[in-house]
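Participant: pasting the structure only:
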(Lines give C-alpha, C1' and ligand atoms only; values in the text may rest on other atoms or scores of the structure.)
Protein backbone atom coordinates (compact mmCIF):
# COMPACT_ATOMS: atom_id res chain seq x y z
CA UNK A 1 0.00 0.00 0.00
CA UNK A 2 1.41 3.40 -0.96
CA UNK A 3 2.40 6.01 1.59
CA UNK A 4 -0.24 8.38 0.19
CA UNK A 5 -3.04 5.88 0.81
CA UNK A 6 -1.74 5.07 4.30
CA UNK A 7 -1.55 8.80 5.04
CA UNK A 8 -5.11 9.35 3.82
CA UNK A 9 -6.34 6.49 5.99
CA UNK A 10 -4.41 7.87 8.96
CA UNK A 11 -5.93 11.32 8.55
CA UNK A 12 -9.41 9.90 7.94
CA UNK A 13 -9.24 7.67 11.02
CA UNK A 14 -8.08 10.58 13.18
CA UNK A 15 -10.84 12.87 11.95
CA UNK A 16 -13.45 10.15 12.43
CA UNK A 17 -12.31 9.45 15.99
CA UNK A 18 -12.46 13.12 16.92
CA UNK A 19 -15.84 13.71 15.30
CA UNK A 20 -17.13 10.71 17.24
CA UNK A 21 -16.50 12.70 20.41
CA UNK A 22 -13.59 10.65 21.71
CA UNK A 23 -11.30 12.80 23.93
CA UNK A 24 -8.30 14.03 21.96
CA UNK A 25 -5.67 12.08 23.91
CA UNK A 26 -7.52 8.76 23.55
CA UNK A 27 -8.40 9.44 19.90
CA UNK A 28 -4.76 10.06 18.96
CA UNK A 29 -3.50 7.13 21.02
CA UNK A 30 -6.10 4.71 19.65
CA UNK A 31 -5.42 5.67 16.02
CA UNK A 32 -1.67 5.32 16.56
CA UNK A 33 -2.06 1.86 18.15
CA UNK A 34 -4.39 0.62 15.40
CA UNK A 35 -1.94 1.67 12.69
CA UNK A 36 0.96 0.13 14.61
CA UNK A 37 -0.93 -3.18 14.59
CA UNK A 38 -1.83 -2.90 10.93
CA UNK A 39 1.34 -1.52 9.34
CA UNK A 40 4.27 -1.93 11.75
CA UNK A 41 6.09 -5.00 13.08
CA UNK A 42 4.35 -6.75 15.94
CA UNK A 43 7.31 -6.11 18.20
CA UNK A 44 6.71 -2.37 17.92
CA UNK A 45 3.80 -2.67 20.38
CA UNK A 46 6.26 -3.88 23.00
CA UNK A 47 8.08 -0.56 22.80
CA UNK A 48 5.07 1.78 23.08
CA UNK A 49 5.70 2.64 26.73
CA UNK A 50 9.43 3.05 26.10
CA UNK A 51 8.89 5.30 23.07
CA UNK A 52 6.39 7.51 24.88
CA UNK A 53 8.68 7.75 27.91
CA UNK A 54 11.73 8.63 25.80
CA UNK A 55 9.79 11.29 23.92
CA UNK A 56 8.49 12.83 27.16
CA UNK A 57 11.77 12.53 29.10
CA UNK A 58 12.53 16.16 28.37
CA UNK A 59 13.69 18.58 31.04
CA UNK A 60 11.80 21.27 29.14
CA UNK A 61 8.47 19.43 29.52
CA UNK A 62 9.09 19.24 33.27
CA UNK A 63 8.40 22.96 33.46
CA UNK A 64 4.80 22.53 32.28
CA UNK A 65 3.21 21.22 35.52
CA UNK A 66 5.28 23.72 37.50
CA UNK A 67 4.04 26.65 35.43
CA UNK A 68 0.51 25.24 35.76
CA UNK A 69 0.97 25.25 39.56
CA UNK A 70 2.05 28.90 39.40
CA UNK A 71 -0.96 29.78 37.26
CA UNK A 72 -3.39 27.86 39.47
CA UNK A 73 -2.08 29.56 42.60
CA UNK A 74 -2.51 33.03 41.11
CA UNK A 75 -5.74 32.22 39.25
CA UNK A 76 -7.53 30.83 42.31
CA UNK A 77 -6.71 33.84 44.47
CA UNK A 78 -8.06 37.37 44.22
CA UNK A 79 -4.93 38.53 42.38
CA UNK A 80 -6.84 38.95 39.12
CA UNK A 81 -9.50 41.18 40.68
CA UNK A 82 -6.88 43.28 42.48
CA UNK A 83 -4.85 43.65 39.30
CA UNK A 84 -7.94 44.73 37.40
CA UNK A 85 -8.91 47.25 40.10
CA UNK A 86 -5.45 48.79 40.05
CA UNK A 87 -5.44 49.14 36.27
CA UNK A 88 -8.91 50.68 36.29
CA UNK A 89 -7.95 53.21 38.95
CA UNK A 90 -4.91 54.39 36.99
CA UNK A 91 -6.49 54.45 33.51
CA UNK A 92 -9.99 55.71 34.20
CA UNK A 93 -9.38 59.15 32.66
CA UNK A 94 -8.50 57.72 29.23
CA UNK A 95 -11.46 57.40 26.82
CA UNK A 96 -12.32 53.72 26.99
CA UNK A 97 -9.96 53.44 29.92
CA UNK A 98 -12.03 50.69 31.51
CA UNK A 99 -11.63 48.55 28.38
CA UNK A 100 -7.91 49.35 28.17
CA UNK A 101 -7.53 48.48 31.86
CA UNK A 102 -9.01 45.05 31.13
CA UNK A 103 -6.65 44.53 28.18
CA UNK A 104 -3.58 45.43 30.26
CA UNK A 105 -4.82 43.39 33.21
CA UNK A 106 -5.26 40.39 30.91
CA UNK A 107 -1.74 40.87 29.54
CA UNK A 108 -0.12 41.07 32.97
CA UNK A 109 -2.18 38.23 34.39
CA UNK A 110 -1.41 36.09 31.32
CA UNK A 111 2.29 36.74 31.84
CA UNK A 112 1.96 35.62 35.47
CA UNK A 113 -0.36 32.64 34.96
CA UNK A 114 0.51 31.44 31.44
CA UNK A 115 -3.03 30.21 30.79
CA UNK A 116 -5.71 31.62 28.51
CA UNK A 117 -8.75 30.13 30.30
CA UNK A 118 -7.37 31.19 33.70
CA UNK A 119 -6.86 34.74 32.43
CA UNK A 120 -10.38 34.92 31.00
CA UNK A 121 -11.89 33.60 34.22
CA UNK A 122 -9.84 35.66 36.67
CA UNK A 123 -10.06 39.03 34.89
CA UNK A 124 -13.47 38.46 33.27
CA UNK A 125 -15.24 37.59 36.52
CA UNK A 126 -14.47 41.11 37.75
CA UNK A 127 -14.09 43.01 34.48
CA UNK A 128 -17.20 41.97 32.56
CA UNK A 129 -19.74 42.89 35.28
CA UNK A 130 -17.95 46.20 35.84
CA UNK A 131 -17.86 47.05 32.13
CA UNK A 132 -21.53 46.20 31.72
CA UNK A 133 -22.41 48.26 34.81
CA UNK A 134 -20.59 51.18 33.16
CA UNK A 135 -22.63 50.79 29.97
CA UNK A 136 -20.35 48.74 27.73
CA UNK A 137 -22.32 46.43 25.44
CA UNK A 138 -22.19 42.74 26.31
CA UNK A 139 -20.44 41.74 23.08
CA UNK A 140 -17.81 44.47 23.47
CA UNK A 141 -17.05 43.51 27.08
CA UNK A 142 -16.91 39.80 26.22
CA UNK A 143 -14.67 40.40 23.20
CA UNK A 144 -12.13 42.37 25.25
CA UNK A 145 -11.78 39.62 27.85
CA UNK A 146 -11.82 36.72 25.36
CA UNK A 147 -9.15 38.35 23.19
CA UNK A 148 -7.09 39.49 26.15
CA UNK A 149 -7.13 35.95 27.48
CA UNK A 150 -5.49 34.61 24.33
CA UNK A 151 -2.31 36.44 25.32
CA UNK A 152 -1.78 33.61 27.79
CA UNK A 153 -0.34 31.37 25.06
CA UNK A 154 1.89 34.10 23.58
CA UNK A 155 3.43 35.94 26.51
CA UNK A 156 5.93 33.97 28.61
CA UNK A 157 5.63 31.62 30.40
CA UNK A 158 3.54 30.06 27.62
CA UNK A 159 2.91 26.32 27.74
CA UNK A 160 2.24 26.41 24.00
CA UNK A 161 5.68 27.93 23.44
CA UNK A 162 7.23 25.18 25.58
CA UNK A 163 5.67 22.50 23.38
CA UNK A 164 6.70 24.28 20.20
CA UNK A 165 10.28 24.51 21.49
CA UNK A 166 10.29 20.73 22.00
CA UNK A 167 8.67 19.95 18.64
CA UNK A 168 10.81 22.39 16.63
CA UNK A 169 13.99 21.78 18.65
CA UNK A 170 14.38 25.52 19.24
CA UNK A 171 15.64 27.46 22.25
CA UNK A 172 12.84 28.00 24.76
CA UNK A 173 14.49 31.18 26.00
CA UNK A 174 14.55 32.67 22.50
CA UNK A 175 10.91 31.69 21.94
CA UNK A 176 9.82 33.28 25.21
CA UNK A 177 11.66 36.49 24.34
CA UNK A 178 10.29 36.46 20.79
CA UNK A 179 6.73 36.45 22.12
CA UNK A 180 7.13 39.69 24.09
CA UNK A 181 7.27 42.15 21.17
CA UNK A 182 4.28 40.67 19.29
CA UNK A 183 2.43 40.37 22.60
CA UNK A 184 2.86 44.10 23.20
CA UNK A 185 1.80 44.75 19.59
CA UNK A 186 -1.46 42.87 20.19
CA UNK A 187 -2.02 44.73 23.46
CA UNK A 188 -1.67 48.05 21.63
CA UNK A 189 -4.01 46.93 18.82
CA UNK A 190 -6.61 45.68 21.31
CA UNK A 191 -6.33 48.90 23.35
CA UNK A 192 -6.66 51.08 20.22
CA UNK A 193 -9.78 49.18 19.16
CA UNK A 194 -11.20 49.54 22.67
CA UNK A 195 -10.79 53.31 22.48
CA UNK A 196 -12.40 53.46 19.02
CA UNK A 197 -15.31 51.21 20.01
CA UNK A 198 -15.86 53.11 23.25
CA UNK A 199 -15.99 56.42 21.40
CA UNK A 200 -18.67 55.00 19.08
CA UNK A 201 -20.81 53.68 21.92
CA UNK A 202 -20.28 56.89 23.93
CA UNK A 203 -21.28 59.08 20.95
CA UNK A 204 -24.42 57.01 20.39
CA UNK A 205 -25.41 57.25 24.06
CA UNK A 206 -24.71 61.00 24.16
CA UNK A 207 -26.76 61.62 21.02
CA UNK A 208 -29.68 59.66 22.51
CA UNK A 209 -29.42 61.64 25.76
CA UNK A 210 -29.31 64.94 23.84
CA UNK A 211 -32.63 64.11 22.19
CA UNK A 212 -34.34 63.50 25.52
CA UNK A 213 -33.43 59.89 26.13
CA UNK A 214 -32.38 58.50 29.53
CA UNK A 215 -28.81 59.00 30.76
CA UNK A 216 -26.78 55.98 29.70
CA UNK A 217 -24.35 54.49 32.27
CA UNK A 218 -21.49 54.87 29.78
CA UNK A 219 -21.79 58.66 30.14
CA UNK A 220 -20.91 58.53 33.85
CA UNK A 221 -17.44 59.78 34.81
CA UNK A 222 -15.26 57.98 37.34
CA UNK A 223 -13.11 59.87 39.82
CA UNK A 224 -10.21 58.46 41.83
CA UNK A 225 -7.98 60.45 44.14
CA UNK A 226 -4.23 59.83 44.16
CA UNK A 227 -4.59 58.21 47.56
CA UNK A 228 -7.17 55.77 46.15
CA UNK A 229 -4.91 55.00 43.21
CA UNK A 230 -1.90 54.23 45.37
CA UNK A 231 -4.01 52.16 47.74
CA UNK A 232 -4.53 49.63 44.94
CA UNK A 233 -0.82 48.92 44.52
CA UNK A 234 0.30 47.00 47.66
CA UNK A 235 -1.48 43.80 46.66
CA UNK A 236 -0.42 44.02 43.00
CA UNK A 237 3.25 44.94 43.22
CA UNK A 238 4.40 41.64 44.83
CA UNK A 239 3.06 39.69 41.85
CA UNK A 240 4.69 42.11 39.40
CA UNK A 241 7.95 41.63 41.32
CA UNK A 242 7.42 37.86 41.07
CA UNK A 243 6.96 38.14 37.29
CA UNK A 244 10.04 40.33 36.95
CA UNK A 245 12.13 38.06 39.16
CA UNK A 246 11.18 34.96 37.19
CA UNK A 247 12.10 36.67 33.91
CA UNK A 248 15.43 37.91 35.27
CA UNK A 249 16.27 34.43 36.59
CA UNK A 250 15.42 32.83 33.24
CA UNK A 251 16.96 35.31 30.81
CA UNK A 252 19.86 36.26 33.04
CA UNK A 253 21.04 32.66 32.91
CA UNK A 254 20.63 32.17 36.65
CA UNK A 255 18.19 29.25 36.28
CA UNK A 256 16.91 26.81 33.68
CA UNK A 257 13.26 27.00 32.52
CA UNK A 258 12.33 24.12 34.83
CA UNK A 259 14.09 25.66 37.80
CA UNK A 260 12.46 28.99 37.03
CA UNK A 261 9.03 27.33 36.83
CA UNK A 262 9.57 25.60 40.17
CA UNK A 263 10.73 28.83 41.78
CA UNK A 264 7.73 30.71 40.34
CA UNK A 265 5.30 28.08 41.60
CA UNK A 266 6.68 28.11 45.14
CA UNK A 267 6.84 31.91 45.32
CA UNK A 268 3.27 32.19 43.99
CA UNK A 269 2.08 29.89 46.81
CA UNK A 270 4.04 31.97 49.33
CA UNK A 271 2.55 35.23 48.02
CA UNK A 272 -1.08 34.09 48.09
CA UNK A 273 -0.49 32.74 51.59
CA UNK A 274 1.00 36.04 52.78
CA UNK A 275 -1.38 38.41 50.96
CA UNK A 276 -4.69 36.52 50.86
CA UNK A 277 -4.27 34.09 53.74
CA UNK A 278 -4.45 31.07 51.43
CA UNK A 279 -2.35 28.62 53.44
CA UNK A 280 -4.69 26.18 55.16
CA UNK A 281 -5.08 22.68 53.75
CA UNK A 282 -8.65 23.35 52.64
CA UNK A 283 -7.45 26.46 50.75
CA UNK A 284 -4.40 24.90 49.12
CA UNK A 285 -6.10 21.60 48.25
CA UNK A 286 -8.18 23.02 45.33
CA UNK A 287 -5.02 24.60 43.88
CA UNK A 288 -3.08 21.33 44.00
CA UNK A 289 -6.08 19.37 42.72
CA UNK A 290 -6.54 21.73 39.76
CA UNK A 291 -2.80 21.56 39.01
CA UNK A 292 -2.81 17.77 39.11
CA UNK A 293 -5.94 17.51 36.97
CA UNK A 294 -4.77 19.95 34.28
CA UNK A 295 -1.20 18.62 34.26
CA UNK A 296 -2.37 15.02 33.91
CA UNK A 297 -4.75 15.89 31.09
CA UNK A 298 -2.14 17.95 29.26
CA UNK A 299 0.69 15.46 29.68
CA UNK A 300 -1.58 12.65 28.48
CA UNK A 301 -2.39 14.66 25.35
CA UNK A 302 1.32 15.37 24.86
CA UNK A 303 2.28 11.72 25.29
CA UNK A 304 -0.35 10.44 22.88
CA UNK A 305 0.44 13.21 20.40
CA UNK A 306 4.10 12.25 20.47
CA UNK A 307 3.18 8.59 19.92
CA UNK A 308 0.91 9.70 17.07
CA UNK A 309 3.76 11.69 15.52
CA UNK A 310 6.18 8.75 15.99
CA UNK A 311 3.87 6.39 14.08
CA UNK A 312 3.37 9.02 11.40
CA UNK A 313 7.13 9.36 11.02
CA UNK A 314 7.76 5.58 11.05
CA UNK A 315 5.24 5.11 8.24
CA UNK A 316 6.91 8.00 6.35
CA UNK A 317 3.63 9.93 6.27
CA UNK A 318 5.14 13.14 7.65
CA UNK A 319 8.19 12.89 5.36
CA UNK A 320 6.02 12.24 2.30
CA UNK A 321 3.68 15.10 3.18
CA UNK A 322 6.63 17.47 3.66
CA UNK A 323 8.15 16.32 0.37
CA UNK A 324 4.82 16.86 -1.38
CA UNK A 325 4.63 20.39 -0.04
CA UNK A 326 8.17 21.10 -1.24
CA UNK A 327 7.39 19.54 -4.63
CA UNK A 328 4.57 22.05 -5.12
CA UNK A 329 7.36 24.63 -5.50
CA UNK A 330 5.33 27.36 -3.88
CA UNK A 331 6.96 30.70 -3.28
CA UNK A 332 8.04 31.13 0.37
CA UNK A 333 5.21 33.50 1.22
CA UNK A 334 2.57 31.41 -0.53
CA UNK A 335 3.90 28.39 1.36
CA UNK A 336 3.57 30.31 4.63
CA UNK A 337 0.04 31.43 3.76
CA UNK A 338 -0.98 27.86 2.91
CA UNK A 339 0.37 26.53 6.19
CA UNK A 340 -1.25 29.28 8.26
CA UNK A 341 -4.60 28.63 6.59
CA UNK A 342 -4.15 24.96 7.51
CA UNK A 343 -3.52 25.99 11.13
CA UNK A 344 -6.62 28.21 11.09
CA UNK A 345 -8.67 25.29 9.76
CA UNK A 346 -7.34 22.94 12.43
CA UNK A 347 -8.14 25.59 15.02
CA UNK A 348 -11.85 25.00 14.34
CA UNK A 349 -11.51 21.54 15.88
CA UNK A 350 -8.27 21.18 17.86
CA UNK A 351 -6.53 22.96 20.76
CA UNK A 352 -3.07 24.49 20.22
CA UNK A 353 -1.29 21.60 21.96
CA UNK A 354 -2.54 19.03 19.46
CA UNK A 355 -2.03 21.32 16.45
CA UNK A 356 1.63 21.83 17.28
CA UNK A 357 2.51 18.21 17.98
CA UNK A 358 0.53 16.84 15.03
CA UNK A 359 1.67 19.29 12.36
CA UNK A 360 5.27 20.09 13.37
CA UNK A 361 6.84 17.06 11.59
CA UNK A 362 5.06 18.04 8.36
CA UNK A 363 5.23 21.82 8.18
CA UNK A 364 8.57 22.69 9.80
CA UNK A 365 10.98 21.05 7.28
CA UNK A 366 9.50 22.90 4.25
CA UNK A 367 9.45 26.18 6.17
CA UNK A 368 13.06 25.77 7.20
CA UNK A 369 14.02 24.89 3.63
CA UNK A 370 12.20 28.05 2.45
CA UNK A 371 14.42 30.15 4.70
CA UNK A 372 11.98 31.07 7.47
CA UNK A 373 13.30 31.51 10.99
CA UNK A 374 11.56 28.84 13.07
CA UNK A 375 11.55 31.01 16.20
CA UNK A 376 9.77 33.76 14.24
CA UNK A 377 7.36 31.21 12.77
CA UNK A 378 6.65 29.88 16.27
CA UNK A 379 5.36 33.32 17.22
CA UNK A 380 3.30 33.68 14.03
CA UNK A 381 1.85 30.19 14.48
CA UNK A 382 0.99 30.97 18.09
CA UNK A 383 -0.93 34.11 17.11
CA UNK A 384 -2.74 32.07 14.44
CA UNK A 385 -3.69 29.52 17.08
CA UNK A 386 -4.83 32.37 19.34
CA UNK A 387 -7.45 33.09 16.71
CA UNK A 388 -8.71 29.53 17.20
CA UNK A 389 -9.35 30.28 20.88
CA UNK A 390 -11.93 32.95 20.03
CA UNK A 391 -13.53 31.81 16.80
CA UNK A 392 -16.30 29.21 16.60
CA UNK A 393 -17.10 26.38 16.72
CA UNK A 394 -14.53 25.33 19.33
CA UNK A 395 -13.24 28.67 20.57
CA UNK A 396 -12.38 27.73 24.16
CA UNK A 397 -12.37 31.30 25.45
CA UNK A 398 -15.85 31.89 24.04
CA UNK A 399 -17.25 29.17 26.27
CA UNK A 400 -15.22 30.36 29.27
CA UNK A 401 -16.82 33.80 28.83
CA UNK A 402 -20.26 32.22 28.44
CA UNK A 403 -19.71 30.37 31.71
CA UNK A 404 -18.76 33.48 33.70
CA UNK A 405 -21.32 35.75 31.97
CA UNK A 406 -24.29 33.48 31.17
CA UNK A 407 -26.63 36.43 30.62
CA UNK A 408 -24.71 37.53 27.49
CA UNK A 409 -26.11 35.70 24.41
CA UNK A 410 -23.60 33.41 22.72
CA UNK A 411 -24.17 35.21 19.42
CA UNK A 412 -23.19 38.53 21.03
CA UNK A 413 -20.00 36.98 22.41
CA UNK A 414 -19.05 35.58 18.99
CA UNK A 415 -19.72 38.87 17.19
CA UNK A 416 -17.82 40.70 19.91
CA UNK A 417 -14.71 38.57 19.37
CA UNK A 418 -14.61 38.79 15.56
CA UNK A 419 -12.98 42.27 15.42
CA UNK A 420 -10.18 40.92 17.59
CA UNK A 421 -9.69 37.98 15.20
CA UNK A 422 -9.19 40.57 12.44
CA UNK A 423 -6.70 42.46 14.63
CA UNK A 424 -4.72 39.25 15.13
CA UNK A 425 -4.59 38.79 11.35
CA UNK A 426 -3.32 42.38 11.07
CA UNK A 427 -0.62 41.59 13.66
CA UNK A 428 0.51 38.60 11.58
CA UNK A 429 0.79 40.83 8.49
CA UNK A 430 2.83 43.35 10.48
CA UNK A 431 5.16 40.58 11.66
CA UNK A 432 5.63 39.41 8.08
CA UNK A 433 6.61 42.92 7.02
CA UNK A 434 8.69 43.60 10.15
CA UNK A 435 9.93 40.29 11.60
CA UNK A 436 12.31 42.22 13.82
CA UNK A 437 9.39 42.96 16.15
CA UNK A 438 9.69 39.34 17.27
CA UNK A 439 13.40 38.73 16.79
CA UNK A 440 15.15 41.87 18.06
CA UNK A 441 14.85 40.95 21.74
CA UNK A 442 16.10 37.33 21.46
CA UNK A 443 18.87 38.46 19.08
CA UNK A 444 19.89 41.10 21.62
CA UNK A 445 19.81 38.97 24.77
CA UNK A 446 20.25 35.41 23.50
CA UNK A 447 22.06 35.50 20.13
CA UNK A 448 21.54 32.32 18.12
CA UNK A 449 24.49 29.93 18.06
CA UNK A 450 23.47 28.44 14.72
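Facilitator: Looks like it arrived, so ask away. Note that the structure is a prediction, hence the values are computed from the model and not measured.
Participant: pLDDT wise, what is residue 100 at?
Facilitator: Model confidence at residue 100, given as pLDDT, is 87.
Participant: residues contacting it?
Facilitator: 87, 91, 94, 191, 194-195 (CB atoms under 8 Å, 6 or more residues apart in numbering). The C-beta positions use only the backbone N, C-alpha and C, and glycine is treated the same way.
Participant: quick check, nearest of those residues to residue 322?
Facilitator: residue 191 (39.6 Å; CB to CB).
Participant: tell me where the protein has strands.
Facilitator: Taking DSSP state E, the chain contains no strands at all.
Participant: shaky segments in it?
Facilitator: 349, 393-394, 448-450 (pLDDT under 70).
Participant: residue nearest the centroid of it?
Facilitator: By CA atoms, centre = their mean, the chain has its centre lying nearest to residue 153, at 2.2 Å.
Participant: surely it meets residue 385?
Facilitator: Yes - between residue 153 and residue 385 there is a contact under CB atoms under 8 Å: 6.8 Å.
Participant: can you list residues touching both of the two?
Facilitator: 160, 352.
Participant: I'd like the contacts of residue 100 as TSV, with distance to residue 350 and neighbour count appended.
Facilitator: What follows is the contacts of residue 100, written out as TSV (distance: CB to CB, whole Å; neighbours: other CB atoms under 10 Å):
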residue	distance to residue 350	neighbour count
87	33	26
91	36	21
94	38	15
191	30	23
194	30	27
195	34	15
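Participant: which ones among those map onto helices?
Facilitator: 87, 91, 191, 194-195 (DSSP state H).
Participant: show me the contacts for the closest residue to the residue nearest to the centre of the chain other than its chain neighbours.
Facilitator: Leaving aside its chain neighbours, residue 153 sits nearest to residue 160 (4.1 Å; criterion: CB to CB, 6 or more residues apart in numbering). Counting by CB under 8 Å, 6+ apart, residue 160 makes contact with 153-154, 352-353, 356, 382, 385.
Participant: which of the residues you listed sits closest to residue 62?
Facilitator: Using CB to CB, the contacts of residue 160 come closest to residue 62 at residue 353, 16.2 Å.
Participant: so what's the nearest residue to the closest one once chain neighbours are set aside up against?
Facilitator: By the measure of CB to CB, 6+ apart, the closest residue to residue 353 outside its immediate chain neighbours is residue 301, 5.5 Å from it. Residue 301 is in contact with 24-25, 28, 351, 353-354, counting by CB under 8 Å, 6+ apart.
Participant: got a winner among the residues you listed for most neighbours?
Facilitator: Most neighbours among the contacts of residue 301, by other CB atoms under 10 Å: residue 28, with 27 neighbours.
Participant: so that residue is in contact with residue 310, correct?
Facilitator: No - with contact defined as CB under 8 Å, residue 28 does not count as touching residue 310 (11.1 Å).
Participant: could you give the number of residues near residue 429?
Facilitator: 9.
Participant: let the chain start at 874 from now.
Facilitator: Done: numbering now begins at 874, and the last item shifts to residue 1302.
Participant: which residues touch it?
Facilitator: No contacts exist for residue 1302 under CB under 8 Å, 6+ apart.
Participant: how close does it get to residue 1225?
Facilitator: In this view, residue 1302 and residue 1225 are 21 Å apart by CB to CB, to the nearest Å.
Participant: swap in residue 1217?
Facilitator: Residue 1217 is 12 Å from residue 1225, by CB to CB.
Participant: what do you get for residue 1021?
Facilitator: Residue 1021 sits 17 Å away from residue 1225, going by CB to CB.
Participant: more neighbours, the two?
Facilitator: residue 1021 (31 against 27).
Participant: for the closest residue to the more buried one other than its chain neighbours, what are its contacts?
Facilitator: Of all residues not flanking residue 1021 in the chain, residue 979 sits nearest, at 2.8 Å (CB to CB, 6+ apart). Neighbouring residues of residue 979 by CB under 8 Å, 6+ apart: 992-993, 996, 1017-1018, 1021-1022, 1024.
Participant: give me the buried entries from the residues you listed.
Facilitator: 992-993, 996, 1017-1018, 1021-1022, 1024 (16 or more other CB atoms under 10 Å).
Participant: buried set for stretch 928-938?
Facilitator: Quick answer for stretch 928-938 (16+ other CB under 10 Å): 928, 931, 934-938.
Participant: out of the residues you listed, which is nearest to residue 1268?
Facilitator: residue 937 (22.8 Å).
Participant: the closest one is in contact with residue 1031, isn't it?
Facilitator: No - assessed by CB under 8 Å, residue 937 is found out of contact with residue 1031, at 10.5 Å.
Participant: list the contacts for the nearest residue to residue 1273 once chain neighbours are set aside?
Facilitator: Distances taken as CB to CB, 6+ apart place residue 993 nearest to residue 1273, at 4.4 Å, with adjacent residues excluded. Going by CB under 8 Å, 6+ apart, residue 993 touches 979, 1018-1019, 1021-1022, 1270, 1273-1274, 1277.
Participant: can you check residue 949 too?
Facilitator: Going by CB under 8 Å, 6+ apart, the list of residues near residue 949 reads 1151, 1159-1160, 1163.
Participant: same thing with residue 1004?
Facilitator: Going by CB under 8 Å, 6+ apart, the list of residues near residue 1004 reads 971-972, 975, 1013-1014, 1017.
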